[in-house]
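Participant: Dropping a prediction and its sequence here:
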Amino acid sequence: MNKTINVTVNGTKHTLDVEPRLLLVHMIREVLSMTGTHIGCDTSSCGACTILLDGKSIKSCTVLAVQADGKSITTIEGLAPEGGPLHPLQEGFKENHGLHCGFCTPGMIMRCVELLEHNNNPTEDEIRWGISGNLCRCTGYNNIVKAVQWAGAKMRGEETPSTEPEFV
Amino acid sequence: MIAQSFQYESPGTLAEAIALLNQYGDEAKVLSGGHSLIPMMKLRFASPGYLIDINGIPGLSDIKEENGVVRIGALAREADLEHSALLAQHFPIFKDVTKLIADPQVRNMGTLGGNLAHGDAANDHPAVMIALGASVVITGADGEREVPIDEFFYGFYMTAIQQGEILTEIRLPVPAAGTGNAYHKLERKVGDYATSGVAVQLTIGSDGIVTAAGIGLTNVNPVPLRATRSEEALVGKPLTEENILLAAQYASEDCNPSADLRGSEDYKRHVTGVLVKRMIKKAAERAMAS
């Protein structure tokens, strides 16, 4: 028996008729056609599906759409206004080569939005622990760490670290 | 990947939730954090006909201290436990254990109550509750009952919670002065279940005699295990290297690990002994500092 839910997605209210077993990630991707959020595993391990639910980063593959009733979600599509400037994290990933294939990137960025909200000057260690729920098969994580630190600096209003490669 | 169909209810009060559980009987499961249950449902290892979502019930996630008891609502999220100043004060063990549970996203949803009610010896909080001498409050149609943690775990996915009942609160006695507690688990990679995990709480008198010891073991027994012989090796005596090694040896003998991808039985016994030794020392350090 379907349920009617009201979910605010990136600021827009949606009223949807869903099966209780519909996962939040499927609601986002299949019902709302917002495919920026990715599905990377079957085991709640990879974090590619990470979005914000009432401001908290969660794995949308392990939450039911009905659990978002009356709540507000933010996906990667909701970070930067249409045609507007990139979020510091998006810019940071761009400037610091924080991605290769980009599959983990939306989930990685959404996790780091919450990370930087709690602590806008994280150490490398804090970032690595902070992204422990997000797997990346391409980058080896180093540039992701740099991207997050770069974004933190920008959000603190400080000069962002140089992105020129270091020649040893 | 896709769960079997089910009916979903999200009651606004505890009474409503209990009534629904009684109505649907063993076809119903409680949904709290959902990060043990939903993965199982996606793999079709569990297919309850009814899901009773208790996340909308107010008043079940407070963390407070009253009359020498710290009371934690069953819906308190792992992230809440991780960042609670009140818990950090008496129980630095919560920072130890939450850091090792899954990852930040899972910790935003997973609850302490769910971690215990799931009845899985692989979860981390049962051992911690054993070490801290916790009791849990179970609420049903007839009211509340308080169950000591040693009477809570019965078997694989089986706890003292009966049909029509919900775990609503966890109670921890505020430790006496001179008490320290610590947890660590060996894992293959970040976010994994324990190869072995050990929780220790020690109370040491000013004369150096150990007056109380609680030692709980994670994932090395079908049911969360209290290392009773190890505790007895420490209590009533000064904390010597010899007693610590004996406690470690007893724990490694008394647990019953299963060989699996995390290691052989011998390996897990060995790791258990090592962790017991290390956590006794860490708890003792914190006891001296308190």
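Facilitator: Received, thanks.
Participant: Distance of B:Gly49 relative to B:Leu20?
Facilitator: B:Gly49 is 12 Å from B:Leu20, where distance means Cβ to Cβ, to the nearest Å. Bear in mind the C-beta positions are built from the backbone N, C-alpha and C, glycine included.
Participant: So which of those two has more stuff around it?
Facilitator: The neighbour count for B:Gly49 versus B:Leu20, taken as other Cβ atoms under 10 Å in any protein chain shown, is higher for B:Leu20 (19 against 14).
Participant: ok, back up a step: any common contacting residues for B:Gly49 and B:Leu20?
Facilitator: B:Ala28 (Cβ atoms under 8 Å, 6 or more residues apart in numbering or on different chains).
Participant: Walk me through the domains of chain A.
Facilitator: A:3-76, A:88-155 (automatic domain parsing).
Participant: Relative to chain A, which residue of the stretch 1-150 of chain B is the closest?
Facilitator: Relative to chain A, the nearest point of the stretch 1-150 of chain B is B:Asp103 (2.8 Å; Cβ to the nearest Cβ).
Participant: is it true that that residue touches A:Gly133?
Facilitator: Yes: the criterion here is Cβ atoms under 8 Å, and B:Asp103 meets it with A:Gly133 at 2.8 Å.
Participant: Mind listing the shared neighbours of the two?
Facilitator: Common contacts of B:Asp103 and A:Gly133 (Cβ under 8 Å, 6+ apart): A:47, B:191.
Participant: and these two? which has more neighbours close in?
Facilitator: Taking neighbours as other Cβ under 10 Å, B:Asp103 and A:Gly133 compare with A:Gly133 leading, 26 against 23.
Participant: contacting residues around that one?
Facilitator: A:Gly133 touches A:47, A:50, A:59, A:111, B:102-106, B:191, counting by Cβ under 8 Å, 6+ apart.
Participant: And the pLDDT for it?
Facilitator: Note on A:Gly133: pLDDT of 98.
Participant: quick one: secondary structure of it?
Facilitator: coil (DSSP: H, G, I helix; E, B strand; the rest coil).
Participant: again with B:Tyr193
Facilitator: coil.
Participant: what's the nearest residue to it if we skip its chain neighbours?
Facilitator: B:Ala122 (4.5 Å; Cβ to Cβ, 6 or more residues apart in numbering or on different chains).
Participant: Next: A:Lys71.
Facilitator: Sequence neighbours aside, A:Asp54 is the residue nearest to A:Lys71 in space, at 5.2 Å (criterion: Cβ to Cβ, 6+ apart).
Participant: where's the one you found relative to B:Asn55, distance?
Facilitator: Going from A:Asp54 to B:Asn55 by Cβ to Cβ gives 11 Å.
Participant: One more: B:Ser36?
Facilitator: To B:Asn55, B:Ser36 is 15 Å away according to Cβ to Cβ.
Participant: what do you get for B:Glu231?
Facilitator: Applying Cβ to Cβ to B:Glu231 and B:Asn55 gives a distance of 37 Å.
Participant: Between the two, point out the one with more neighbours.
Facilitator: Neighbour count, other Cβ under 10 Å: between B:Glu231 and B:Asn55, B:Glu231 has more, with 23 against 15.
Participant: Stretch A:110-124 close to chain B?
Facilitator: Yes: for stretch A:110-124, a contact with chain B is found by Cβ under 8 Å from any Cβ of the partner chain, at A:111, A:114-115.
Participant: which residues of the stretch 1-150 of chain B fall in helices?
Facilitator: B:14-24, B:37-42, B:78-83, B:85-90, B:93-99, B:104-109, B:112-117, B:125-132 (DSSP state H, counting those that start in this stretch).
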